[in-house]
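Undergrad: next come a sequence and a model predicted from it.
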Amino acid sequence: MHEFKFSNSMYERLFKHNIMPLFICDKKGEIIAYNKKFKKLYGKKATLKNKNFSEIFKPESKEEKQKFSLIEFGFFEESDAHDLIFNTIKGEKRYVRLWIDAKFDEDLSLAAVEDYTDKRKLELKLTKQNLKLKELKDELEDFNKNLEKKVDKRTKEVKQANKQIKILLERKNQFINELAHDLRTPLTPITYLIESIKEDINNKEMLKDIQIIENNTNYLKNLVEDILKLARIDNNKVEFNFEGANIYDVVQNVIINNQVTFNKLKIRTENKISKKTPEVYIDKLKITEVLENLVMNSTKFMKKGGKLTFSTKKKDNFIIVSVKDDGIGIDKKHLQKIFHEFYKADSSRHHKGSGLGLSICKRIIEKHGGKIWAESKGKGKGTAIKFTIKLLKSIRKSEMKKQKPNNTDIDKKYVNKLKKLKEKLKKN
């Protein structure tokens, strides 16, 4: 190593005791002097004698490589900074920034070294993470694009399927409606003929046979009527006459109307509904029909001496009406299905009926803007059928006008229907 002496002792002290690693090199890049900090950075036990700084400093990038070739030939610019890789004696790679003062001396250059390894490693780590995030972002964007395409495709498929289902349902309703009409046409004269035949026959055995025919005819007639009723509701051909009503009175009238049946089956009834219950907005005839259906349904599956309880509960803008029996109950897995057309919960419920009563109830309640459901703790623990109807005070005047039908038009329709029925009877 060439000997180097400072011309000023103060400069020498500043060089030796500086907090930054410093070294002095000649134009060939040979290190001729360095301070303690630089020695510590490279390795305390190592010697830098005859070392060229190009042996321990390596360019980190192509740009720095080009700069570095200039440094080797001694072409420096004042205070020019270079990001380099510094290799310690132990082979440890450190990231440093090198400042070179080419005008330090006529043939010498002064260099200061900043060790920013931790910062650089963090930068590289963040760069790597950013690249990974960019890759993930690109993947996510591609996934979203593909997902959007799939969703659009599925949406179109669902719309097409719904369209087909709607067409099929319309055809089904049309078929059922036509079938029911075709069945009802011969049933009317058969019903009247049975009555005429019964009047002319005195033989008890034959009367029993005629009675069987009559019972089955009536069953078929009721089934046809229920099918037509369901079809009319689904096709919005049933008029609803909404008005304010006291639900206590509606329920009490149903109890009175069925008192003969209750007495026959020794069924006790309890109307827990308060007379002061707020008025509801309903079609009284339709809600009466719902209650009649529920009463008839309950009595089919109750033992003699059972109890039927009617109650209400206010919830938000609705009244929940409950018809609870202590009959055979329903298994939980059947609770949601009993409102489906022709559904039978199990063999123990094989009773004569159209299987459409609860379906009709569901349609009527839905037309009232409410819901209907069944509750039961299981077989042998009774059943409660509950439904919601709107409170009168929750209905706006505009909605009332919209839902209120023209009674004159309804009367005309019924008059026309009666005329057609009379004409058919005359022909038969």
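TA: Arrived safely.
Undergrad: any idea of the mean pLDDT in stretch 296-316?
TA: Stretch 296-316 shows a mean pLDDT of 91.
Undergrad: pull up the distance across that stretch, start to finish.
TA: In stretch 296-316, first residue to last residue: 30 Å (C-alpha to C-alpha, to the nearest Å).
Undergrad: next SSE after the helix or strand hosting residue 128?
TA: Assigned by DSSP states H and E, residue 128 falls within helix 117-200. The element immediately downstream of helix 117-200 (helix or strand, assigned by DSSP H and E) is helix 204-234.
Undergrad: just checking: what are the partner strands of the next helix or strand after that following helix?
TA: The helix or strand immediately downstream of helix 204-234 is strand 243-245, counting by DSSP H and E. Sheet pairing for strand 243-245, assigned by DSSP bridges, gives strand 280-282 (antiparallel).
Undergrad: show me what the helix holding residue 128 is packed up against.
TA: strand 93-101, helix 204-234, helix 407-427 (3 or more C-beta pairs under 8 Å, 6 or more residues apart in numbering; DSSP states H and E). The way it works is simple: take the backbone N, C-alpha and C, and place the C-beta from them, glycine included.
Undergrad: where among the ones you listed is average confidence lowest?
TA: It's helix 407-427: among the helices and strands packed on helix 117-200, that one has the lowest mean pLDDT, namely a mean of 53.
Undergrad: how many residues are close by residue 342?
TA: 11 (other C-beta atoms under 10 Å).
Undergrad: quick check: pLDDT value at it.
TA: 74.
Undergrad: how about it: what's its closest non-neighbour residue?
TA: Spatial nearest neighbour of residue 342, chain neighbours left out: residue 355 (4.0 Å); criterion: C-beta to C-beta, 6 or more residues apart in numbering.
Undergrad: would you agree residue 261 is in contact with residue 300?
TA: No: applying C-beta atoms under 8 Å as the test, residue 261 and residue 300 come out as separate, 10.6 Å apart.
Undergrad: these two - which one has more neighbours?
TA: residue 300 (16 against 12).
Undergrad: which ones are touching the closest residue to residue 303 other than its chain neighbours?
TA: Nearest non-adjacent residue to residue 303, counting by C-beta to C-beta, 6+ apart: residue 327, 7.2 Å away. Taking C-beta atoms under 8 Å, 6 or more residues apart in numbering, we find residue 327 in contact with 298, 301, 302, 303, 306, 382, 383.
Undergrad: how about a cut-off of 7 Å?
TA: Residues near residue 327 by C-beta atoms under 7 Å, 6 or more residues apart in numbering: 298, 301, 302, 306, 382, 383.
Undergrad: in this structure residue 213 contacts residue 194, no?
TA: Yes: with contact defined as C-beta atoms under 7 Å, residue 213 and residue 194 form a contacting pair (6.3 Å).
Undergrad: the residue nearest to residue 303: what secondary structure?
TA: coil (DSSP: H, G, I helix; E, B strand; the rest coil).
Undergrad: over to it: give its phi and psi.
TA: phi -80, psi -150 (degrees, to the nearest 10).
Undergrad: what do you get for residue 342?
TA: Phi and psi for residue 342, reported as degrees, to the nearest 10, are phi 60, psi 20.
Undergrad: quick one: it and residue 359 touch, right?
TA: No: contact between residue 342 and residue 359 fails when scored by C-beta under 7 Å: they sit 8.2 Å apart.
Undergrad: contact partners for residue 260?
TA: Residue 260 touches nothing, counting by C-beta under 7 Å, 6+ apart.
Undergrad: surely it is within a helix?
TA: Yes: the assignment for residue 260, made by three-state DSSP, places it in a helix.
Undergrad: please determine how far it is located from residue 214.
TA: Using C-beta to C-beta, to the nearest Å, one obtains 21 Å as the distance from residue 260 to residue 214.
Undergrad: same thing with residue 367?
TA: From residue 367 over to residue 214 the distance is 34 Å, taken as C-beta to C-beta.
Undergrad: can you check residue 374 too?
TA: In this view, residue 374 and residue 214 are 33 Å apart by C-beta to C-beta.
Undergrad: for residue 97, same thing?
TA: In terms of C-beta to C-beta, residue 97 sits 109 Å off from residue 214.
Undergrad: what's the burial count for residue 252?
TA: 16.
Undergrad: how is this structure divided into domains?
TA: As assigned by automatic domain parsing, the chain contains the domains 9-115, 126-232, 240-399.
Undergrad: out of those, which gets the lowest mean score?
TA: domain 9-115 (a mean of 77).
Undergrad: start to end distance for that one?
TA: 27 Å.
Undergrad: neighbours of residue 244, how many?
TA: 15.
Undergrad: residue 301 - nearest residue in space that isn't next to it in sequence?
TA: Nearest residue to residue 301, sequence neighbours excluded (C-beta to C-beta, 6+ apart): residue 327, at 4.0 Å.
Undergrad: kindly provide the distance from the one you found to residue 249.
TA: With C-beta to C-beta as the criterion, residue 327 and residue 249 are 26 Å apart.
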